[in-house]
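Q: I would like the atomic coordinates for the input below:
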Amino acid sequence: MPKTVIHVFHDDEHSITTGTRVAQRIQEIAPDHGSGVKVFCMGPAQRRLTEDGAAPDEAAAVYNRQIDELIAGGVTVGACVNAARADGSEAELLRRGLTLRVARDEYLRFTLEQATVITF
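A: As a prediction, the model looks like this:
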């Protein structure tokens, strides 16, 4: 099945909110076209998934809400397991329903699956 991967890396307001919104919009029509959507968060954007108890800014709140909505809608949302372990967020990300994988392996998987990858 063809797949579109939304890769959210940058943590600026526009990247995190637009990237996850694009994933939501693609997911609205992908099943009708026999296609799938996946989101993979890495680097600075992955750190915005947890705020260590600090009140998130508006963009981070929107980003996290959209991530949770994607997961609730059946979209696989992944993040780097090594980064999660390094910053102590592994348990929290798993609790929220993210799929934690080694980023290197995921990037190669996207290539082998011939997925279209769009980076924000």
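Q: which helix in this structure runs the most residues?
A: helix 13-29 (DSSP state H).
Q: got the angle between the helix or strand just after it and helix 13-29?
A: Heading C-terminal from helix 13-29, the first helix or strand you meet, by DSSP states H and E, is strand 36-41. Counting by axes from the mean of the first three to the mean of the last three Cα atoms, to 10 degrees, strand 36-41 lies at 160 degrees to helix 13-29.
Q: ok now strand 36-41, how far from the chain's centre?
A: Remark: strand 36-41 is offset 6 Å from the chain centroid, using Cα atoms, centre = their mean, to the nearest Å.
Q: Sheet partners, orientation included, of that strand?
A: According to DSSP bridges, strand 36-41 forms sheet pairs with strand 3-8 (parallel), strand 76-80 (parallel).
Q: Tell me the confidence at P56?
A: Per-residue pLDDT puts P56 at 68.
Q: Distance to F120 added to the strands paired with strand 36-41, as JSON lines?
A: All C-beta atoms are positioned from the backbone trio N, CA, C, and that covers glycine. Compiled in JSON lines, the strands paired with strand 36-41 are given as follows (distance: least, Cβ to Cβ, whole Å):
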{"stretch": "strand 3-8", "distance to F120": "5"}
{"stretch": "strand 76-80", "distance to F120": "14"}
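Q: Rebuild those as JSON lines, extending it with mean pLDDT, mean neighbour count and distance to Q24.
A: Listed next are those as JSON lines, based on pLDDT from 0 to 100; neighbours: other Cβ atoms under 10 Å; distance: least, Cβ to Cβ, whole Å:
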{"stretch": "strand 3-8", "mean pLDDT": "98", "mean neighbour count": "23", "distance to Q24": "9"}
{"stretch": "strand 76-80", "mean pLDDT": "98", "mean neighbour count": "22", "distance to Q24": "11"}
